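**Student:** Based on what follows, work out the 3D shape:
(one chain, ligands or ions: 2)
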Amino acid sequence: MIMEKNRISCTLSSAHVHTDFCDGKNTAREMALTAYEKGFVSLGFTSHAPQTFDPAHCIDPAREEDYKAEIRSIQQEYAGRMAVYIGIERDMLSCADSKGYDYFIASVHYFTAPEGEYIGVDGASDKLQQYINEYCCGDGLKMAKQYFSLFRDYVITSKPAIIGHFDLVRYNNLILSLYDENSPEYTSMELDTLRTMRETDALLEVNTGGVARGYMKEPYPAPFLLKAWLEWGGEVIISSDCHDKRLIDAGYIQAEELLLSLGYDHAVRLSSSLEKYMWEQVGLR
Ligand SMILES: [Zn+2]
Ligand SMILES: [Zn+2]
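**Tutor:** Ligands and ions are numbered 1, 2, ... in the order given. All right, here's what the predicted structure looks like:
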């Protein structure tokens, strides 16, 4: 397919944005202003939900109501110009309630070691390698199996609006070369997991965060998974998982072109009107 040169993004929205309420660099107001200046029709804030074991990366439970109040205030400030939503990215291990939020993104960021230590899926590579050596018999594929099993169960039981960075486990595989991502063992594991998640009607996130930060060549999830998702009638949503206002729509055009090349003619975004449905389709051409 021949793509137009210099095409501009048609998504104009992100449903996955972090601020300094968690581990983002900017204030919520700075993020909103950047989105508005880019012509966004909608923006969803999704700070990491409170969790006790990794406070540096999530909302301080004592500030959760401040977070909601701040986003509500921004929502009113941009009323009629850009629809602003209040959400959270809720890790499987978060104890936080998703009630009181417009929606939540389900993600798996950690393994729990038997001693109670938390190991980041996309955290320090040496820590993850140590976890694999000690608890997965040195087998990276076994670690990936654990990840997808945990994620599948979490999505099935919690029924999120959005499945966040489905194959985040690839981040450390790029660094550690733990397994062949084209091997049938790995691809069938991913396909089986995604097929089960499809039963929930959640949106599958096309996450450009890794591309934006320069360590991934393509968004999560891998193209063959996006292709399968389309065949199963699933809907996708492009987001930047942005922690820095300068990257709020980084990788969007690449993601849109990838989806077009796979046969998608639309994606879903947060609705441009707070009065209508929360989600709307946006054509990709
Ligand atoms: Zn995440
Ligand atoms: Zn995120």
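**Student:** Counting neighbours, which bits of the longest helix along the chain end up buried?
**Tutor:** When the chain is parsed with DSSP state H, its longest helix is helix 140-158. For helix 140-158, a neighbour-count test (16 or more other C-beta atoms under 10 Å) marks 140-141, 143-148, 150-152, 154-155 as buried. In short, each C-beta sits where N, CA and C put it, glycine included.
**Student:** What is the helix or strand following that helix packed up against?
**Tutor:** Remark: after helix 140-158, the chain's next helix or strand is strand 162-163, criterion DSSP states H and E. Other helices and strands packing on strand 162-163, by 3 or more C-beta pairs under 8 Å, 6 or more residues apart in numbering; DSSP states H and E, are strand 103-107, strand 203-207.
**Student:** Reformat the ones you listed into TSV and put distance to Leu176 next to each item.
**Tutor:** Putting the helices and strands packed on strand 162-163 into TSV (distance: least, C-beta to C-beta, whole Å) gives the following:
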stretch	distance to Leu176
strand 103-107	21
strand 203-207	20
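**Student:** and whatever residue of the stretch 51-200 of the chain ends up closest to ligand 2, helix, strand or coil?
**Tutor:** Distances from the stretch 51-200 of the chain to ligand 2, computed as C-beta to the ion, single out Glu89 as the nearest residue at 4.6 Å. Secondary structure state of Glu89, per DSSP: H, G, I helix; E, B strand; the rest coil, is strand.
**Student:** Touching, it and Gly164? I think so.
**Tutor:** Yes: in terms of C-beta atoms under 8 Å, Glu89 counts as a neighbour of Gly164; the distance is 6.1 Å.
**Student:** shared neighbours, the two?
**Tutor:** Common contacts of Glu89 and Gly164 (C-beta atoms under 8 Å, 6 or more residues apart in numbering): 16, 105, 107.
**Student:** and these as JSON lines, adding pLDDT, distance to Leu270 and neighbour count?
**Tutor:** Supplementary listing: the shared contacts of Glu89 and Gly164 in JSON lines, determined by pLDDT from 0 to 100; distance: C-beta to C-beta, whole Å; neighbours: other C-beta atoms under 10 Å:
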{"residue": "His16", "pLDDT": "98", "distance to Leu270": "10", "neighbour count": "24"}
{"residue": "Ile105", "pLDDT": "98", "distance to Leu270": "12", "neighbour count": "29"}
{"residue": "Ser107", "pLDDT": "98", "distance to Leu270": "18", "neighbour count": "29"}
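**Student:** which one of these is nearest Cys95?
**Tutor:** For the shared contacts of Glu89 and Gly164, the closest approach to Cys95 (C-beta to C-beta) belongs to Ser107, at 14.9 Å.
**Student:** Against Ser261, how distant is that closest one?
**Tutor:** To Ser261, Ser107 is 26 Å away according to C-beta to C-beta, to the nearest Å.
**Student:** Kindly report the same for Ala222.
**Tutor:** Counting by C-beta to C-beta, the separation of Ala222 from Ser261 is 14 Å.
**Student:** ditto for Gln75
**Tutor:** Separation of Gln75 from Ser261 (C-beta to C-beta): 36 Å.
**Student:** So those two - more neighbours on which side?
**Tutor:** A direct count of neighbours by other C-beta atoms under 10 Å for Gln75 and Ser261 places Gln75 higher, at 19 against 13.
**Student:** So the more buried one, which state does it fall into?
**Tutor:** Assigned with three-state DSSP, Gln75 falls in the helix class.
**Student:** if I pick the nearest residue in space to it that is not next to it in sequence, what's in contact with it?
**Tutor:** Counting by C-beta to C-beta, 6 or more residues apart in numbering, Gln75 lies nearest to Val84, which is 4.1 Å off, once chain neighbours are set aside. Taking C-beta under 8 Å, 6+ apart as the definition of contact, the neighbours of Val84 are 32, 42-45, 71, 74-75, 78.
**Student:** possible to save those residues as a markdown table with secondary structure, pLDDT and distance to Gly210?
**Tutor:** Compiled in a markdown table, these are given as follows (DSSP: H, G, I helix; E, B strand; the rest coil; pLDDT from 0 to 100; distance: C-beta to C-beta, whole Å):
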| residue | secondary structure | pLDDT | distance to Gly210 |
| --- | --- | --- | --- |
| Ala32 | helix | 98 | 24 |
| Ser42 | strand | 98 | 23 |
| Leu43 | strand | 98 | 21 |
| Gly44 | strand | 98 | 20 |
| Phe45 | strand | 98 | 21 |
| Ile71 | helix | 98 | 26 |
| Ile74 | helix | 98 | 27 |
| Gln75 | helix | 98 | 29 |
| Tyr78 | coil | 98 | 29 |
